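Engineer: here is a sequence together with a model predicted from it:
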Amino acid sequence: VAKFPFKGNMSFVVIVPNQYTWNASHVLENFPYGQLCRLFPKEVPTTVKIPKITLDYQLELNSVLSHMGLQELFISPNLQKISDEPLLVSSIQHQSTMELKEDGVEASAATGVMISRSLSAFSIDRSFIFFIFEEETGIPLFIGSVKNPNPNATPQMKELQDLPDATDDNEYTMPK
């Protein structure tokens, strides 16, 4: 397990399970997200080996927002302050990108991490789980798993509820 602080009160966390066990679904479903901030009490200088991976995520939010009680927005919203013309929202899209590189991490919601050489070593050379979370609240902003950290592997997106049956190499999802 390793944690890398971002600027802006966010951190990137990597969990590399031991080489004999791998069940990303179990870890993602049972991880103590509420205790995320307390899991890393001590910082240790570390040399890190990271593969280059780019993960893109797109989500159409209409059904999610409708389930949250905003169905009026898509049927007959009151948008008179925007235009005198009758308007309605046809679609709301969310897109995020995370790039994991040899020299750090960049995400659409974060500035970046620079990794430097130091005393111990942490190698991300096999399957791993990652989180980007806000430090003060402990709320995860990005959650995902990479089953094949090969830089040439194509990322495949899955919803969190689909992870137990997933067979794709690289998965990435937004928390619910």
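Structural biologist: Cool, got the structure. Numbers count the residues shown, from 1 in each chain.

Engineer: flag every buried residue along stretch 59-76.
Structural biologist: For stretch 59-76, a neighbour-count test (16 or more other C-beta atoms under 10 Å) marks 59, 62, 73-74 as buried. (Glycine included, C-beta is placed from N, CA and C.)

Engineer: pLDDT, secondary structure and distance to Ser90 added to those residues, as CSV?
Structural biologist: Output for the buried residues of stretch 59-76, formatted as CSV (pLDDT from 0 to 100; DSSP: H, G, I helix; E, B strand; the rest coil; distance: C-beta to C-beta, whole Å):
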residue, pLDDT, secondary structure, distance to Ser90
Leu59, 78, strand, 16
Asn62, 84, helix, 8
Leu73, 78, helix, 10
Phe74, 77, helix, 7
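
Engineer: and of these, the nearest to Gly144?
Structural biologist: Leu59 (13.4 Å; C-beta to C-beta).

Engineer: ok, that closest one touching Leu65?
Structural biologist: No - in this structure, Leu59 is not within contact of Leu65 by C-beta atoms under 8 Å, at 11.0 Å.

Engineer: with the buried residues of stretch 59-76 in mind, which one is nearest to Phe6?
Structural biologist: Leu59 (22.4 Å).

Engineer: ok, now how distant is the closest one from Gly138?
Structural biologist: According to C-beta to C-beta, to the nearest Å, Leu59 stands 23 Å off from Gly138.

Engineer: ok, now Val27?
Structural biologist: 17 Å.

Engineer: please apply the same query to Asn30.
Structural biologist: For Asn30, the distance to Gly138 equals 16 Å [C-beta to C-beta].
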